[in-house]
Every structure is written in C-alpha cells, then in structure tokens.
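K.L.:
Next comes the sequence, and after it the predicted model I'd like to discuss.
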Amino acid sequence: LEQRRGIATINLACDYVNSAAYQIALNDFDGARVSAIEGLRLAHQVQSQLGTSSALQHFALLAALNGQIQVSARLLGYVDAQFSALGIERHATEKWGYDKLMTALHEKLSEAEIERLAAEGAAWSEDQAVEEALKV
C-alpha cells in the first residue's frame with residue numbers, strides 16, 4: 001500500500017510539473033509557479049530527484065522570464081548536474097523549456113557568464129536549490 005501511495009504521489013508530482021510547463025507556454029506564469037511549487041513539494045516528499053529537478057528547471061525558466069537571469073542560470077546549473085548524475089536525457093517538455101531558457105539566458109549573458117553561474121548552481125545542495133527556486 002505504501003509503495004502504491006508513493007507511485008501515485010510521483011505521478012501526481014509529474015502531472016503538476018508538466019502543467020507548469022504548459023502554463024508557461026500559455027504565458028500563465030502565476031499558474032505555472034503554483035503548479036511548479038506543488039510538483040516540487042510532492043517530488044521532494046517522495047525523494048524523486050527527477051521530479052524535483054524537472055520542477056526546478058521550470059523555476060529556472062520562470063526566473064529567466066521574470067528577469068532574474070543570474071538565479072535562472074544557477075538553477076539551470078543545479079538541474080544539469082542532477083540530470084547528468086542520474087544519466088537522464090530531457091523529455092520533450094523539459095527539452096522545450098531548456099531551449100526557451102537557453103535563449104533567454106543568451107539574450108542577457110555571455111556563454112562564459114552562463115557557464116560560471118551554472119557551475120555555482122551545480123555546487124548547490126538540493127535544499128539550497130529549492131530555497132532559491134521558491135524565491136522566484
């Protein structure tokens with residue numbers, strides 16, 4: 001029963017995280033933030049690194065769209081490090097968000113600045129990444 005509950009929670013977290021991406025695509029940034037928070041909370045609750053990292057990527061995109069470029073680049077660095085450690089490729093939704101995020105970062109930062117900020121974020125703990133994301 002406990003295992004089924006965990007799977008249901010992971011699935012619900014995934015639904016919220018995906019909803020955040022769809023809401024961003026529809027320019028519903030407030031709704032996207034609410035969905036990302038709920039997805040992050042649920043993923044964190046069941047210790048799903050993939051769910052947590054996916055939610056954090058959406059926060060990175062929201063940060064970029066909100067003009068918080070340095071926070072965005074650091075969050076992306078954290079997410080990239082997690083995806084790399086897990087050996088995971090981005091799925092279609094995450095790939096779309098990543099492409100949009102990189103475009104936003106390149107409009108404001110040089111490649112060297114993005115790399116420097118991403119390296120800072122890659123060194124963050126999960127708690128630090130979550131704390132920064134929730135400020136977006």
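P.N.:
That came in fine, so what should we check first? Residues are numbered from 1 along each chain as shown.

K.L.:
Report the buried residues of the lengthiest helix in the chain.
P.N.:
In the chain, assigned by DSSP state H, the helix with the most residues is helix 2-25. Residues 9-10, 12-14, 16-21, 23-24 are the ones in helix 2-25 that count as buried (16 or more other C-beta atoms under 10 Å). (Glycine included, C-beta is placed from N, CA and C.)

K.L.:
Then stretch 107-115?
P.N.:
Across stretch 107-115, burial judged by 16+ other C-beta under 10 Å covers 109, 114.

K.L.:
chain center to it: distance?
P.N.:
Centroid separation for stretch 107-115 versus its chain: 19 Å, with C-alpha atoms, centre = their mean, to the nearest Å.

K.L.:
Let me see the residues that make contact with it.
P.N.:
Residues from elsewhere that reach stretch 107-115 (C-beta atoms under 8 Å, 6 or more residues apart in numbering): 69, 73, 105-106, 117.

K.L.:
All good on my end, thank you.
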